[in-house]
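1. no FASTA, just this:
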C-alpha cells in the first residue's frame, strides 16, 4: 500500500520550501506576479499528481478553522433554488480558495430554534454560511443568523447587505425591449400562480411595464403578482382562469407577443396565440430560464438566469466578508443575459 504523500514530498518534487507549499495549498497565498502565480499552479498540480491531501482535522485543530462553508437550504419545496450550476459555482470558487462546500437541508422549525445556527456550525465544523432561502423566509431565521456571529451571505433575496441576487426588473425590461425591437407593438406579460412569494414575481413584471410605457405602449399583465401563497387547488383554479383570460385578451387586443415568467407560461401562451384564427402569422415569445438548461431543446428566446456566476459571486463576497472581520458587504445585483436564439 502506497504511503500518503506529505508536504515535504511535494516541496522536494517542485524544488521549493515546505512553508511555500503549505501556504499555497492552504489558500494563504495570493500571488499577483506572473512568475509566482505560475509556480503556485505548478505546486497545486504536483500535489494532485502525488495524491497529496490536506489533513482537514489537523488543520481545524491548529487554526480553529475547518475550511468548510455550509450551504443552508429548506426542506420545503421551491423555497430554495437547488440548480446544479449554482452548486458548481459555489464549489469551484471554494476550491480555488482551498475550501469545500457542505450542503444541509433543515426544516424551518429546526432552523429557527434558539441556538440552532451555532449548533449547525459546531456539528458540521463550518466556518461560514451561505443561505439559500429565496422566499417566505421564516420570521426568526434572520435574527438567528445575526445572533450567531458567523459570516453569512444570502442568495437571491432582496437585502441591502450580504446578498447576491439577480436584476429581475432589468431582465423584464430587456425582454420587452427585444419584443418591441422585433416589430411587435402589442405584447403581454404572463405570470402563473405557482411562482409566488419571490421578489422576481413583481420585479420582472415591473421591468416589462416600464419598458412598454417608455415606448408609449400600454402594458398588459396577467397572473398572480401579489406574492400570495396558493395551495394546489387554488393554483389549478387560477391557471384555468388565467388561460381563459389570455385567450380573450389576445383576441381583443391583437396581442402578437408574450414575455413570460418561465417557459411553463410561455409554452401555454404561445399555444393560446396559435388557437386564435388569423391573429398573427408569426407570434413571438420570450421567457426567463436557468442557464443550466441551455442544452435542452427549446424553440424560443430566453433571458438566462446564471446560477453558476451567482455561486461564484457569493463566495467572492463571503471571502471578502471573512477578510474584513465580518463587516457587512454591499449587496451585488447581477445582470441577466439575453439569449435571442
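-> Perfect, I can see it now. The structure displayed is predicted, hence computed values, not measured ones. Residues are numbered from 1 along each chain as shown.
2. from here on, contacts and neighbour counts on C-alpha atoms
-> OK.
3. State the distance from residue 103 to residue 82.
-> Between residue 103 and residue 82 the computed distance is 10 Å (CA to CA, to the nearest Å).
4. likewise residue 39?
-> Distance of residue 39 to residue 82, given as CA to CA: 37 Å.
5. Report the buried residues of the host helix or strand of residue 213.
-> In the assignment (DSSP states H and E), residue 213 maps to helix 199-214. Buried positions in helix 199-214, judged by neighbour count with 16 or more other CA atoms under 10 Å: 199-212.
6. Tell me which residue is most central in this structure.
-> residue 307 (4.2 Å; CA atoms, centre = their mean).
7. how close does it get to residue 325?
-> Note on residue 307: its distance to residue 325, by CA to CA, is 27 Å.
8. Residue 99 reaches residue 67, doesn't it?
-> Yes: contact criterion CA atoms under 8 Å: residue 99 and residue 67 qualify, at 4.6 Å.
9. The two: who's more crowded?
-> residue 67 (22 against 18; other CA atoms under 10 Å).
10. ok so, going back, compare neighbour counts for residue 39 and residue 82 and give me the winner.
-> A direct count of neighbours by other CA under 10 Å for residue 39 and residue 82 places residue 39 higher, at 16 against 12.
11. tell me what the one helix or strand that one maps to is packed against?
-> Using DSSP H and E, residue 39 sits within helix 34-50. Contact here means 3 or more CA pairs under 8 Å, 6 or more residues apart in numbering; DSSP states H and E; on that basis helix 34-50 packs against helix 7-14, helix 18-25.
12. Which of the ones you listed comes out lowest on mean pLDDT?
-> Ranked by mean pLDDT, the helices and strands packed on helix 34-50 bottom out at helix 18-25, with a mean of 79.
13. Compute the inter-axis angle for that one and helix 34-50.
-> Calculated by axes from the mean of the first three to the mean of the last three CA atoms, to 10 degrees, helix 18-25 forms an angle of 90 degrees with helix 34-50.
14. what element comes up after the least confident helix or strand in the chain by mean pLDDT heading to the C-terminus?
-> Counting by mean pLDDT, DSSP states H and E, the chain has its least confident helix or strand at helix 56-63, which shows a mean of 42. Next along the chain after helix 56-63, taking DSSP H and E as the criterion, comes strand 68-74.
15. Neighbouring strands - and their directions - for that following strand?
-> Using DSSP bridges, the strands paired with strand 68-74 are strand 100-106 (parallel), strand 128-132 (parallel).
16. Rounded mean pLDDT for that strand, please.
-> 89.
17. Tell me the first helix or strand C-terminal of that strand.
-> That would be, after strand 68-74 and using DSSP H and E, helix 84-96.
18. what pLDDT, on average, does that following helix get?
-> 90.
19. Stretch 108-124 too?
-> Computed over stretch 108-124, the mean pLDDT rounds to 77.
20. where does it sit relative to the chain's centre, distance-wise?
-> 23 Å (CA atoms, centre = their mean, to the nearest Å).
21. Dump the helices and strands packed on helix 34-50 to CSV, plus mean neighbour count.
-> Below are the helices and strands packed on helix 34-50 laid out as CSV (neighbours: other CA atoms under 10 Å):
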stretch, mean neighbour count
helix 7-14, 17
helix 18-25, 17
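22. related to what we said a few turns ago, redo the buried residues of helix 199-214 as JSON lines? Include distance to residue 145.
-> As requested, the buried residues of helix 199-214 are exported to JSON lines (distance: CA to CA, whole Å):
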{"residue": "199", "distance to residue 145": "21"}
{"residue": "200", "distance to residue 145": "24"}
{"residue": "201", "distance to residue 145": "26"}
{"residue": "202", "distance to residue 145": "27"}
{"residue": "203", "distance to residue 145": "27"}
{"residue": "204", "distance to residue 145": "29"}
{"residue": "205", "distance to residue 145": "31"}
{"residue": "206", "distance to residue 145": "31"}
{"residue": "207", "distance to residue 145": "32"}
{"residue": "208", "distance to residue 145": "35"}
{"residue": "209", "distance to residue 145": "36"}
{"residue": "210", "distance to residue 145": "36"}
{"residue": "211", "distance to residue 145": "38"}
{"residue": "212", "distance to residue 145": "41"}
